[in-house]
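*Asks:* just the structure for this:
(3 chains)
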Amino acid sequence: MNEALAEIGQLIARYGPLADAGDAAGAASLWTEDGVYAVGGMAEARGRAAIAGLLQGPEHQALLAAGCAHILSAPAVALAADGVSAVAVNHSIVLRRDESGGYAIHRVAANRWELISTADGWRIRRRDNCLLDGTAEARALLALG
Amino acid sequence: MNEALAEIGQLIARYGPLADAGDAAGAASLWTEDGVYAVGGMAEARGRAAIAGLLQGPEHQALLAAGCAHILSAPAVALAADGVSAVAVNHSIVLRRDESGGYAIHRVAANRWELISTADGWRIRRRDNCLLDGTAEARALLALG
Amino acid sequence: MNEALAEIGQLIARYGPLADAGDAAGAASLWTEDGVYAVGGMAEARGRAAIAGLLQGPEHQALLAAGCAHILSAPAVALAADGVSAVAVNHSIVLRRDESGGYAIHRVAANRWELISTADGWRIRRRDNCLLDGTAEARALLALG
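*Replies:* Sure, this is the predicted structure:
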């Protein structure tokens, strides 16, 4: 159990640094080849090329140019009985530097991760990210079940 | 050692998602039956029903309705020599959506967790939460000893 | 592998609570005797006494007096093949209480940690901290390689 928990923790811990390093291909490689990254109200990217495309797109590039931090909290993980799949939930925040040199909170979201153990290690099969805006939908995403 | 660290990390990682999912009973079940949640200057809840009551109360419900995130940092943990008790310290922040759709920092606090290994796994015996307001009391809470 | 990951996670998790508890010597002891803490654009402290000196200096003391939180995200860790050295990357944010009792984002930075296993456990050989201000230098610090 520990081994899977540690690997899943590391997998998710890599997303923020890769996103803020501007390594779109590296971030996309955290997903399975046909993995999905669904960003509520913005986009649903399917497959590594599409996920990398999100990070190469104008919105993420503008964040990088301004100065940004994609910070993810340590996930709560539920391993399935099969030992090769898991669900995790956590928070993500995006901080963005403004013109005055200060930082503002750009986005605060709930995340649900469907994970699978592959020959190359644990990968993300699907990540749902939903703005924590008071709606039941966002709150439901954080239920680990 | 690793097993206890991993379980304690998971226990504390569950609080934020449960609080923001609005699952008061689930959050309270992280404590022992007679556990204590002391929120400096606000409340001291004793027992699971009282802890659930805090999350069902008007203040937490207003946060949920507005859109909020209870984000806890990964804890530093000191396992006792007995192997069945531990103390952990970390930070918690609460972000709250405002009327304009932006997010503000609602609360920044120090946390000290007294933990115990039970037949059902590790549980919280006592959580002290104290606003980081420059007082010696809040700073002392972060000393792991 | 898990043992090293858990110990490195704990090492880095201790920095924030020690810094905010005002325990300068405790924070400095996370480094090796001749360890380096390089804060981009501010200071480069070499050795435990110099690192403790940073935390005893006027800038950190002013933060403590106001009320502050040094929050570090869970690190992504790359263990070297030798088993006794590692590199980790993560984010750090500093929140600061203002006169009105609210909190502002004081600093958002990228961190790169060079770590080594010693007779006393894992210690920091070098920590680079660089403001995430949109420059390539800060982004490069987050590449785990």
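
*Asks:* select the longest strand from chain A.
*Replies:* Determined from DSSP state E, the single longest strand within chain A is strand A:103-118.

*Asks:* show me what from chain A comes close to chain C.
*Replies:* With C-beta under 8 Å from any C-beta of the partner chain as the criterion, chain A meets chain C at residues A:2-3, A:6, A:9-10, A:13-14, A:16-18, A:20-23, A:64-69, A:71-74, A:95, A:97, A:101-105. Bear in mind the C-beta positions are built from the backbone N, C-alpha and C, glycine included.

*Asks:* pLDDT score for the residue lying farthest from the centre of chain A?
*Replies:* Here chain A reaches farthest from its C-alpha mean at A:Ser100, the gap being 28.5 Å by C-alpha atoms, centre = their mean. Looking at A:Ser100, its pLDDT stands at 95.

*Asks:* over to A:Gly40?
*Replies:* Per-residue confidence at A:Gly40 stands at 84 (pLDDT).

*Asks:* now it. Nearest residue, chain neighbours left out?
*Replies:* Of all residues not flanking A:Gly40 in the chain, A:Cys130 sits nearest, at 3.8 Å (C-beta to C-beta, 6 or more residues apart in numbering or on different chains).

*Asks:* so who does that neighbour touch?
*Replies:* Going by C-beta atoms under 8 Å, 6 or more residues apart in numbering or on different chains, A:Cys130 touches A:Gly40, A:Gly41, A:Ala109, A:Ala110, A:Asn111, A:Glu137, A:Ala138, A:Leu141.

*Asks:* just give me the neighbour total for A:Leu72.
*Replies:* 23 (other C-beta atoms under 10 Å in any protein chain shown).

*Asks:* go ahead and confirm it touches A:Val89.
*Replies:* No: applying C-beta atoms under 8 Å, one finds A:Leu72 not in contact with A:Val89, separated by 11.1 Å.

*Asks:* shared neighbours, these two?
*Replies:* Taking C-beta under 8 Å, 6+ apart as the criterion, A:Leu72 and A:Val89 both touch A:Asn111.

*Asks:* sorry, back to before: gap between the residue nearest to A:Gly40 and B:Ala69?
*Replies:* Counting by C-beta to C-beta, to the nearest Å, the gap from A:Cys130 to B:Ala69 is 12 Å.

*Asks:* any common contacting residues for those two?
*Replies:* Contacts common to A:Cys130 and B:Ala69, judged by C-beta under 8 Å, 6+ apart, are A:Ala110.

*Asks:* contacting residues around A:Leu142?
*Replies:* Neighbouring residues of A:Leu142 by C-beta under 8 Å, 6+ apart: A:Val89, A:Ala110, A:Arg112, B:Pro17, B:Leu18, B:Asp20, B:Ala21.

*Asks:* ok, back up a step: A:Ala80 versus the residue farthest from the centre of chain A, what's the distance?
*Replies:* A:Ser100 is 48 Å from A:Ala80, by C-beta to C-beta.

*Asks:* leaving out the residues flanking it, which one is nearest to A:Ala25?
*Replies:* Computed as C-beta to C-beta, 6+ apart, the closest residue to A:Ala25 that is not its neighbour in sequence is A:Ala52, at 5.4 Å.

*Asks:* neighbours of that neighbour, how many?
*Replies:* 19.

*Asks:* host element of it?
*Replies:* Assessed by DSSP states H and E, A:Ala52 sits inside helix A:48-56.

*Asks:* tell me which other helices or strands that helix touches.
*Replies:* Contacts defined by 3 or more C-beta pairs under 8 Å, 6 or more residues apart in numbering or on different chains; DSSP states H and E place helix A:48-56 against helix A:24-28, strand A:31-39, strand A:43-46.

*Asks:* mind listing residues that contact it?
*Replies:* Contact with helix A:48-56 is made by A:19, A:22, A:24-25, A:27-29, A:31, A:33, A:35, A:37, A:39, A:43, A:45, A:60, as judged by C-beta under 8 Å, 6+ apart.
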